[in-house]
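# Just to be clear, the model below is a prediction. Sequence and coordinates:
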Number of protein chains: 2
Amino acid sequence: MVIIGFIDVYACEKDLKIKEDGLRGVGLNPKRFRCIKPEIRVLGIDDGGFLPRTEGTVDVVGVVYRGGYWLDGVMRTEVKIDGMDATEKIASMIKSSPHYKQVRVVVLNGITFAGFNVVDIQRLFKELNLPVITVTREKPNLAEIETALKNLPEYEKRWQTIANAGKVTKVYTRNEEEAVYMQVAGISKSDAEKILKKTSTRSSVPEALRVAHIIASGLAQAKEH
Amino acid sequence: MVIIGFIDVYACEKDLKIKEDGLRGVGLNPKRFRCIKPEIRVLGIDDGGFLPRTEGTVDVVGVVYRGGYWLDGVMRTEVKIDGMDATEKIASMIKSSPHYKQVRVVVLNGITFAGFNVVDIQRLFKELNLPVITVTREKPNLAEIETALKNLPEYEKRWQTIANAGKVTKVYTRNEEEAVYMQVAGISKSDAEKILKKTSTRSSVPEALRVAHIIASGLAQAKEH
């Protein structure tokens, strides 16, 4: 038992070292997690709501949690409703944050923000050199999304981005009753599943994502008043 | 042990019942806590920063935590820099929030928001029928505050509000090294101290207040960009 513990700690530290040695931003290989510390820094990202048929921008909030335990930081950006800027805005929000170096994985509430502003999770992974996991409580209905996209400019590009995000996988996180659906970039499905299980302490999604949702909704409500 | 546990639970439930029976808003007596549950709902309130010599408003963020453990909700309002509207704006933010009924105590980061917009904690207690505790890491320098107030309109009223907030008490929360300073309204010092001790799980201030600070600062930074 003691020896196992020692190896785990060593592997975690080595993993950390590789990142800090400056490989960030150049590596394109999926991240491999030799161990997942309970307090792994997770960045959860969600958007605030908006009234149907409005134009303009929507707040997008990023929340850094240490595993499923405590909040370390908050960041915010704005993306255009049904626009094309979500990937770029989210990448730049993270890169300019003082938490960038500590974050080990990015968890998005689905692949579309502010309506149908699609996040290119492969590009996000490459720009940040951080694994990206999308999580939704409902199985994404791709046929419905495709129909909706046809009413928007740059339909082909949006649809291609969704197709590039890869297969939707059903996983169980906190317990065997509540399934969530994920897509991944820059990380194996098995590592992603382990991270989701370890950090979903209060609901079926990682605590960082649950709290990002509460903050983004709280701000959106306040804006409407 | 079992009997003690039973009495505690009973007392907590009774306490809760009194509140729900509709006394909120009419009672002016200090709240007495027969027991303080570890997951007592605390509303922590802090403001975002602003650049010196700017005018306008500053975001004020309220965060509901269950004790020191997990985040339940977020609310926001705006108050005028060096204005006179903090008490009213904070009271109305709380009253219009879906969390109002669950909150048992309000914890403010000090008594002044957005510069010298002073919160009347006695009035806040009476309007909400909820105990109010102010917490600061540094001992408030009243002489310095008085000098600064003299440069502002309605000096007398501001200073009177600060004087009415009562004596500043030094208390130890998470450990015996980190003291904080509190003022209270509608609650005994001893109950206030117990609540601070129980909910300061990650720093020397209640988790709701630590997180309100992080969120308010995160939003303020984003606004300056």
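Thanks, I have it.
# Show me the strands in chain A, by range?
Listed in chain order, the strands of chain A (DSSP state E) span A:41-47, A:57-66, A:70-80, A:105-109, A:112-113, A:117-118, A:132-136, A:169-172, A:179-185.
# Out of those, the one nearest chain B is which?
strand A:70-80 (3.3 Å; Cβ to the nearest Cβ). All C-beta atoms are positioned from the backbone trio N, CA, C, and that covers glycine.
# Close to chain B: what parts of chain A are there?
A:70-77, A:202, A:207, A:211, A:214-215, A:217-219, A:221-222 (Cβ under 8 Å from any Cβ of the partner chain).
# Filter those down to just the buried residues.
Neighbour-count burial (16 or more other Cβ atoms under 10 Å in any protein chain shown) applied to these gives A:70-77, A:202, A:207, A:211, A:214-215, A:217-219, A:221-222.
# I'd like the strands of chain A written out as CSV, with distance to B:N175 and mean pLDDT added.
Listed next are the strands of chain A as CSV, based on distance: least, Cβ to Cβ, whole Å; pLDDT from 0 to 100:
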stretch, distance to B:N175, mean pLDDT
strand A:41-47, 25, 98
strand A:57-66, 20, 96
strand A:70-80, 17, 95
strand A:105-109, 32, 98
strand A:112-113, 42, 96
strand A:117-118, 46, 96
strand A:132-136, 37, 98
strand A:169-172, 39, 97
strand A:179-185, 38, 97
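# Quick one: these as JSON lines, columns for distance to B:E88 too.
Formatted as JSON lines, these follow (distance: least, Cβ to Cβ, whole Å):
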{"stretch": "strand A:41-47", "distance to B:E88": "31"}
{"stretch": "strand A:57-66", "distance to B:E88": "25"}
{"stretch": "strand A:70-80", "distance to B:E88": "26"}
{"stretch": "strand A:105-109", "distance to B:E88": "35"}
{"stretch": "strand A:112-113", "distance to B:E88": "35"}
{"stretch": "strand A:117-118", "distance to B:E88": "37"}
{"stretch": "strand A:132-136", "distance to B:E88": "40"}
{"stretch": "strand A:169-172", "distance to B:E88": "48"}
{"stretch": "strand A:179-185", "distance to B:E88": "42"}
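# Of all these, which one is nearest B:N151?
With Cβ to Cβ as the criterion, B:N151 lies closest to strand A:70-80 of those, at 33.2 Å.
# Now for A:F33, how many residues are close by?
A:F33: 20 surrounding residues under other Cβ atoms under 10 Å in any protein chain shown.
# Tell me the predicted confidence for it.
If you check A:F33, the pLDDT there is 89.
# Name the nearest residue to it, sequence neighbours excluded.
Leaving out its chain neighbours, the residue that sits closest to A:F33 by Cβ to Cβ, 6 or more residues apart in numbering or on different chains is A:D191, at 4.8 Å.
# can you count the residues close to that neighbour?
Neighbour tally, A:D191, other Cβ under 10 Å: 20.
# Model confidence score at it, please.
96.
# Would you mind measuring from it to A:G44?
Going from A:D191 to A:G44 by Cβ to Cβ, to the nearest Å gives 17 Å.
# and what of A:T161?
In terms of Cβ to Cβ, A:T161 sits 21 Å off from A:G44.
# Between these two, which is the more surrounded one?
Relative neighbour count places A:G44 above the other of A:T161 and A:G44, with 27 against 22, counting by other Cβ under 10 Å.
# hey, where'd the helices end up in chain A?
Using DSSP state H, the helices found in chain A span residues A:2-18, A:86-95, A:121-128, A:142-149, A:155-164, A:189-199, A:207-224.
# now for the last one, which elements pack on it?
Which is helix A:207-224. strand A:41-47, strand A:57-66, strand A:105-109, strand B:70-80 (3 or more Cβ pairs under 8 Å, 6 or more residues apart in numbering or on different chains; DSSP states H and E).
# Please produce CSV containing those strands, extended by distance to A:L196.
Shown next, in CSV, are the helices and strands packed on helix A:207-224 (distance: least, Cβ to Cβ, whole Å):
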stretch, distance to A:L196
strand A:41-47, 9
strand A:57-66, 13
strand A:105-109, 8
strand B:70-80, 18
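# Out of these, flag the one nearest B:V61.
So among the helices and strands packed on helix A:207-224, strand B:70-80 is nearest, using Cβ to Cβ, at 5.3 Å.
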